[in-house]
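Student: here is my input; please provide its structure:
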Amino acid sequence: QVQLVESGGGLVQAGGSLRLSCAASGVFTNYAMGWFRQAPGKEREFVARISKGSSPYYADSVKGRFTISRDNAKNRVYLQMNSLKPEDTAVYYCAADRSVGIRKSPGAYDYWGQGTQVTVSS
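Tutor: Below is the predicted model of the structure:
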């Protein structure tokens, strides 16, 4: 069992930065971690994933702007978001996946946090 709690969301102007954090309970190193987002009226979409061995993978829409990282000693995963755009506005979710590989479907993940709101104003 893994419990995930996101933090760090907020309101920022376009071009600004935010750093999201996800605190995990349980055996953190057993899981690859992902970030997803969901805008109003839209489906939940993949943002980034980091493997158990800290290999990152990004959606094309955020590549070069967002950076995912993990600190296994602190049981945390982070999402550094730079050059934010209004279209990045969404609720951002942290998720844990016990399997390997590049998995972008929300259904592939075993545990989810409650989400944190990110709003980017133009």
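Student: list the contacts of the closest residue in space to residue 23 that isn't next to it in sequence.
Tutor: Leaving aside its chain neighbours, residue 23 sits nearest to residue 5 (4.9 Å; criterion: CB to CB, 6 or more residues apart in numbering). All C-beta spots, glycine's among them, are computed from the backbone N, C-alpha and C. Residues near residue 5 by CB atoms under 8 Å, 6 or more residues apart in numbering: 22-23, 113-114.
Student: do the same with residue 46
Tutor: With CB under 8 Å, 6+ apart, residue 46 has these contacts: 34, 36, 59, 104-106.
Student: right, and residue 47 touches residue 79 too?
Tutor: Yes: contact criterion CB atoms under 8 Å: residue 47 and residue 79 qualify, at 7.1 Å.
Student: which residues do those two both contact?
Tutor: Common neighbours of residue 47 and residue 79 (criterion: CB under 8 Å, 6+ apart): 35, 66, 92.
Student: sec struct for the residue nearest in space to the middle of the chain, please.
Tutor: Residue closest to the average C-alpha location in the chain (CA atoms, centre = their mean): residue 35, at 2.2 Å. Classification of residue 35 using DSSP: H, G, I helix; E, B strand; the rest coil returns strand.
Student: that one bridge partners, please.
Tutor: The partner list for residue 35 in beta bridges (DSSP bridges) reads residue 48, residue 94.
Student: and the gap between it and residue 122?
Tutor: 23 Å (CB to CB, to the nearest Å).
Student: for beta bridges, what are the partners of residue 120?
Tutor: residue 12.
Student: make sure it is actually in contact with residue 84.
Tutor: Yes: using CB under 8 Å, residue 120 is in contact with residue 84, at 4.6 Å.
Student: all the strands of the chain, in order from the start?
Tutor: Applying DSSP state E to the chain gives strands spanning 4-7, 10-13, 18-24, 32-38, 45-50, 56-58, 66-71, 76-81, 90-97, 111-112, 116-121.
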